[in-house]
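# Sharing a model prediction with you, sequence too.
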Amino acid sequence: MKRNIYWPLIKSVWACILAAMVVVIVLPTFVAIRNHILYGTLDNPNDDEIWIFVLFGSVLYFAIILFSLLVIGLPVQAVMQSQGLNRYWHFALPSTLLGFAVGSVTAIGDLLSTSLLDAVLGFCIGSVFWLVRRPDKDASKALPLT
């Protein structure tokens, strides 16, 4: 059976799409939990348009994250894999730290909660990418050089 040389790339692109989709699911959930903790309700009493903002933000995040993963993430993943960095924490830790850094730079209002939310989102993105892509499995199935 001939091995498809494009299969790892296809898995990587699929992992990017699924990882970006996590944001569309996780972000509104975190906003609802935050509002429930702060206000005792799922809606923010100070803003009637919060869900339109959250849904628009989720779609915008999806587009930005998917673009970033495809343009930056795939080359970084290829370099990491060529260096033998294919464990779970090699993907989860940097994406968490990057999420925290992005949240710190882009925070409007509460710096800590925005940074922590973006760190959790980064962790989710890195985890989903690794779980779908599983670069550690490629290392065990490498073709012999001779």
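Now that the structure is in, tell me what you want to look at.
# Distance of W7 relative to L70?
17 Å (CB to CB, to the nearest Å). Glycine gets a C-beta too; all of them are placed from N, C-alpha and C.
# nope, S82 is what I meant
Taken as CB to CB, the span from S82 to L70 is 19 Å.
# what about the two, which has more around it?
The neighbour comparison of S82 against L70 (other CB atoms under 10 Å) goes to L70, with 15 against 9.
# per-residue confidence for I64?
As predicted, I64 sits at a pLDDT of 85.
# count of neighbours near it?
13.
# After the helix or strand hosting F62, heading C-terminal, what element do we hit next?
For F62, the host element (DSSP states H and E) is helix 50-68. Scanning forward in sequence from helix 50-68 by DSSP H and E, the next helix or strand is helix 74-82.
# Could you give the average pLDDT over that next one?
85.
# Same question for stretch 110-124.
Stretch 110-124 shows a mean pLDDT of 84 in the predicted model.
# Check which residues of that stretch are buried.
114-115, 117-124 (16 or more other CB atoms under 10 Å).
# could you dump the residues you listed to JSON lines with secondary structure?
Output for these, formatted as JSON lines (DSSP: H, G, I helix; E, B strand; the rest coil):
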{"residue": "T114", "secondary structure": "helix"}
{"residue": "S115", "secondary structure": "helix"}
{"residue": "L117", "secondary structure": "helix"}
{"residue": "D118", "secondary structure": "helix"}
{"residue": "A119", "secondary structure": "helix"}
{"residue": "V120", "secondary structure": "helix"}
{"residue": "L121", "secondary structure": "helix"}
{"residue": "G122", "secondary structure": "helix"}
{"residue": "F123", "secondary structure": "helix"}
{"residue": "C124", "secondary structure": "helix"}
